[in-house]
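Asker: Build me a model from this:
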Amino acid sequence: MIYLDNSATTNPKPQEVKNAVSRAMNYYSFNSGRGGYKESVNTSNMIFSCRESLSQMFGFSPENIAFTQNCTTALNYAIKGIVKSGDHIIISNLEHNAVARPVNALFEKGIIEYDLAEFSFDKEEIINNFKKLIKPNTKLIVCMHASNVFGCVFPIREIGKLAHDNGIIFVVDAAQSAGVLDIDAKRDNIDILCAPGHKGLYAPMGTGFITLGENIKLDTIIEGGTGSESMNLAQPDNMPERLESGTLNNVGISGLLAGTRFVNAKGISNIYKHENRLMQYVYKELSKNQNVTLYTPSFNDFLLAPILSFNYKDYPSEKTASLLTEKNIATRAGFHCSKLAHTAFGTQNRGTVRISPSVFTKYSECENFINILKKL
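Answerer: Residues are numbered from 1 along each chain as shown. Reported below is the predicted structural model:
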């Protein structure tokens, strides 16, 4: 199979990750922070090592990194843990439903109001589009780093500065950029970063995390046992326990630790260069095919995450993907859990076919994809 659906989840996983997951079933199937015996302590040490690895990659303190089931859970914690009745939120008009639905749900309940800042291929225009929406009661700006549909990259550093200049908390959805694009919390003015493990960090599904700046405190969405302050019925104030009720996914965290080490060993810049070169080639060849409709500028002309959406002839996107599946090529068709992005790009009627490589994708696989598409 030629697998080009890596922005959904990376496949294959590195052997190091597979080994770590297998090993964890034997060595880390113990409750961390709940026992003084060496197996429990060793498990706690492994989990903290993962926090440290993520800390080094993204620039947050290890203690302020909490593990979640996925990026969606992390974003719900961030959004619902910050806003209060009467607050205003600004999100981009390309957001994934992981942001759009929680924000809309709060709006439908009459708790908050929100506005959409339009994306533009002009950086200054993007910044101005956010700026002009700021109100006295704007509490939160939530913005994806890169679009999961079209690969468009937002200038998060500048948007974060705009937020901070106006006393607004800045949340970044790094679902498509963690492990692919360089992220530094301090440099990029990020207060809260949310990301999954199973995409660019090559970890198992069911892993994710939320990272908080030093002065950020969230109201809790879930309360429960944390292994600390057990005689106090109030949820602990300290991180990461405040956001980590119940038993952690030790096996997944072990895989996440191995995945972050794999990415660090490869080098994020090297991974991006490899994937971007592949997408430059694919874009160039698809642009020659009169039956293909492309929606974004060339990867040579604009900073894009290695994600490309297209359509073929007048086919529904699902038909194109189905035909490619018959040729053993895995893509993603439809609306990619993003009503906002498809509405913004005018693809709300048939969606798009999305392709995305990984560090393991070969030039020859992209070449085969291009040649097969010509014959559909």
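Asker: what's the neighbour count on residue 349?
Answerer: Applying other Cβ atoms under 10 Å, we find 8 residues neighbouring residue 349. From N, CA and C alone the C-beta is placed, and that goes for glycine too.
Asker: Could you look up the SS state of it?
Answerer: Under the three-state scheme (DSSP: H, G, I helix; E, B strand; the rest coil), residue 349 adopts coil.
Asker: what's the single longest helix in the chain?
Answerer: Secondary structure of the chain per DSSP state H: the longest helix is helix 38-58.
Asker: Which residue is the nearest non-sequential neighbour of residue 361?
Answerer: Distance criterion Cβ to Cβ, 6 or more residues apart in numbering; nearest residue to residue 361, sequence neighbours excluded, is residue 278 at 6.0 Å.
Asker: got it, and residue 80?
Answerer: Closest residue in space to residue 80, ignoring its immediate chain neighbours: residue 221 at 5.6 Å, by Cβ to Cβ, 6+ apart.
Asker: Hmm, that neighbour is touching residue 81, no?
Answerer: Yes - using Cβ atoms under 8 Å, residue 221 and residue 81 qualify as a contacting pair, with a distance of 6.3 Å.
Asker: Local confidence estimate at the nearest residue to residue 344 once chain neighbours are set aside?
Answerer: Excluding its sequence neighbours, the residue lying closest to residue 344 (Cβ to Cβ, 6+ apart) is residue 93, at 4.9 Å. In this prediction, residue 93 carries a pLDDT score of 98.
Asker: How about the secondary structure of the nearest residue to residue 114 once chain neighbours are set aside?
Answerer: Once its chain neighbours are removed from consideration, residue 114 has its nearest residue in residue 89; the separation is 4.2 Å (Cβ to Cβ, 6+ apart). Classification of residue 89 by three-state DSSP places it in strand.
Asker: if I look at the residue lying closest to residue 57 once chain neighbours are set aside, how far off is residue 101?
Answerer: Distances taken as Cβ to Cβ, 6+ apart put residue 260 closest to residue 57, at 6.0 Å, once the chain neighbours are dropped. Per Cβ to Cβ, to the nearest Å, residue 260 is found 28 Å from residue 101.
Asker: Residue 205 now?
Answerer: Residue 205 sits at a distance of 20 Å from residue 101 (criterion: Cβ to Cβ).
Asker: Can you list the residue ranges for strands in the stretch 201-350 of the chain?
Answerer: Taking DSSP state E, counting those that start in this stretch as the criterion, the stretch 201-350 of the chain contains strands spanning 208-212, 292-294, 308-312, 329-330, 332-334.
Asker: Burial-wise, tell me which of these comes out on top.
Answerer: Of those, the one with the most neighbours on average (mean count of other Cβ atoms under 10 Å) is strand 208-212, at a mean of 28.
Asker: ranges for the helices of this protein?
Answerer: Counting by DSSP H, the chain has helices at residues 15-27, 38-58, 71-82, 97-108, 123-131, 156-165, 250-266, 268-286, 317-326, 339-344, 363-374.
Asker: which one of those helices lies closest to residue 141?
Answerer: Distances from residue 141 to each of the helices of the chain were compared by Cβ to Cβ, and the smallest falls on helix 156-165, at 4.7 Å.
Asker: okay if I get the strands of the stretch 201-350 of the chain as a markdown table plus distance to residue 173 and mean pLDDT?
Answerer: As requested, these are arranged in a markdown table below (distance: least, Cβ to Cβ, whole Å; pLDDT from 0 to 100):
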| stretch | distance to residue 173 | mean pLDDT |
| --- | --- | --- |
| strand 208-212 | 11 | 98 |
| strand 292-294 | 24 | 98 |
| strand 308-312 | 18 | 98 |
| strand 329-330 | 24 | 98 |
| strand 332-334 | 18 | 97 |
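Asker: These: which one's closest to residue 70?
Answerer: Each of the strands of the stretch 201-350 of the chain has some distance to residue 70 by Cβ to Cβ; the shortest is strand 208-212, at 4.2 Å.
Asker: Only alpha carbons, please: show the closest one as CSV.
Answerer: What follows is strand 208-212 as a C-alpha-only set of coordinates in CSV (Å, rounded to 0.1, in the frame of the first residue of the first chain):
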residue,chain,number,x,y,z
GLY,A,208,-2.1,13.6,23.3
PHE,A,209,-1.1,16.4,25.6
ILE,A,210,-1.8,20.0,26.8
THR,A,211,1.0,22.3,27.8
LEU,A,212,0.5,25.4,29.9
